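Novice: after the sequence you'll find the predicted model.
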Amino acid sequence: MILIAVLLGLAALEFYGKIFESGVGHYLKWQNHKRPQLGRIWERDRQAIVAQTKIESIRSIRDLQEQSADSIETFKQLFEKVEPAFPLMVSRKKFLELYFDFPGPWSERIISPYELIQVDSDQNWNKVLLKRFGPWITIGFLNLQGIPIREIFLSVDTLYEVQSTRTIKRGQLEEMGFQTQRIFSKDQVLSVIETLDPRTQKSVFPEPRWFLGKDYHVTRIGIAEEVPGSSSPNHMVFGIEYNTDYYTGVLMIPVPLEIAYNMLSQIEKTDGDNATGDLTSLTTPSGEAF
């Protein structure tokens, strides 16, 4: 009789309270996380978990992208590291630092500083995302919510232009392949550069603030027809040697042949005038040598 009463009680509880169904449901929900959650009862929880996992994955990928970008030292490297399967994320501060630190006008051809002012005018620009799709590179300027404020599309050919532009290497001019007879003092070359028009000056020499702002001290300037890894058929290479507190570096700039030969002729003419001046100083007023 007691057993029958217990069974009747359990049947009543199941009929009115659904205790067995609730117990099985709670077990599947809380005690077996690896079990696929099926049915309408658990579908909402499953979707929430999947969405949260995707969000965490996206955040993790972006954190890794920013950590990778922190090691980039030049605007040139920023574009060289963009690959189809690996987008690159940098902060607004890092992008501007690299943009204005490039020793030449190439960065302004990517996006003008006036466009950057427009992007920044709403005080909502936070990051820059670079992606590569086939023959195109996309530069997206993102707001605080990760939504693009403006996007720029560039041909991959631009990358080849980056690779052929100004390069920085550590060492002296001789180590870069410059011949002794084509290495001149800074005064000889800078005096010629000062006579050029502003556009030509920018094509052969960076803004002086690039050296002054970093406490780099220009020492010598070399001109070469061929430098391994830095020459092209229609250009010569200018090597600007400078000293820092820790090392000697060379900024190498490809210069069109016409400009290079014109400068060389003026530099060599200056050398000839100096040599004549030195010879004159060694003679007496009557023309006799000491």
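Specialist: All right, it came through fine.
Novice: poorly predicted segments of the stretch 101-250 of the chain, please.
Specialist: Scanning the stretch 101-250 of the chain for pLDDT under 70 picks out 158-164, 226-233.
Novice: so which residues of it form strands?
Specialist: Assigned by DSSP state E, counting those that start in this stretch, the stretch 101-250 of the chain shows strands spanning 125-133, 136-143, 148-155, 167-170, 183-185, 217-224, 235-243, 248-256.
Novice: got these as JSON lines, with mean neighbour count and distance to Thr200 columns?
Specialist: To be clear about C-beta, it is placed using only N, CA and C from the backbone, and glycine gets the same treatment. JSON lines is the format used below for the strands of the stretch 101-250 of the chain (neighbours: other C-beta atoms under 10 Å; distance: least, C-beta to C-beta, whole Å):
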{"stretch": "strand 125-133", "mean neighbour count": "18", "distance to Thr200": "32"}
{"stretch": "strand 136-143", "mean neighbour count": "18", "distance to Thr200": "29"}
{"stretch": "strand 148-155", "mean neighbour count": "14", "distance to Thr200": "26"}
{"stretch": "strand 167-170", "mean neighbour count": "15", "distance to Thr200": "20"}
{"stretch": "strand 183-185", "mean neighbour count": "17", "distance to Thr200": "18"}
{"stretch": "strand 217-224", "mean neighbour count": "21", "distance to Thr200": "15"}
{"stretch": "strand 235-243", "mean neighbour count": "22", "distance to Thr200": "12"}
{"stretch": "strand 248-256", "mean neighbour count": "20", "distance to Thr200": "9"}
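Novice: can I get those strands in CSV with distance to Ser203?
Specialist: Below are the strands of the stretch 101-250 of the chain laid out as CSV (distance: least, C-beta to C-beta, whole Å):
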stretch, distance to Ser203
strand 125-133, 27
strand 136-143, 24
strand 148-155, 21
strand 167-170, 15
strand 183-185, 18
strand 217-224, 14
strand 235-243, 10
strand 248-256, 7
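Novice: which of the ones you listed sits closest to Tyr114?
Specialist: strand 148-155 (12.7 Å; C-beta to C-beta).
Novice: and that closest one, what does it pack onto?
Specialist: The contact analysis (3 or more C-beta pairs under 8 Å, 6 or more residues apart in numbering; DSSP states H and E) places strand 148-155 against helix 113-120, strand 136-143.
Novice: can you list the strands that the last one pairs with?
Specialist: In its sheet, strand 136-143 lies beside strand 125-133 (antiparallel), strand 148-155 (antiparallel), with partners assigned from DSSP bridges.
Novice: Tyr246 is nearest to which of these?
Specialist: Once the strands paired with strand 136-143 are compared by C-beta to C-beta, strand 125-133 is nearest, at 30.0 Å.
Novice: chain neighbours aside, what residue packs nearest to Phe95?
Specialist: Leaving aside its sequence neighbours, Phe95 sits nearest to Val128 (C-beta to C-beta, 6 or more residues apart in numbering; 4.5 Å).
Novice: and if you look at Leu154?
Specialist: Ile137 (4.5 Å).
Novice: returning to that earlier point: I'd like the helices and strands packed on strand 148-155 as TSV, with distance to Gly171 appended.
Specialist: As requested, the helices and strands packed on strand 148-155 are exported to TSV (distance: least, C-beta to C-beta, whole Å):
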stretch	distance to Gly171
helix 113-120	32
strand 136-143	31
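Novice: which one of these lies closest to Phe79?
Specialist: strand 136-143 (7.1 Å).
Novice: hang on, the earlier thing: make CSV out of the strands paired with strand 136-143 and add distance to Lys94.
Specialist: Below are the strands paired with strand 136-143 laid out as CSV (distance: least, C-beta to C-beta, whole Å):
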stretch, distance to Lys94
strand 125-133, 8
strand 148-155, 17
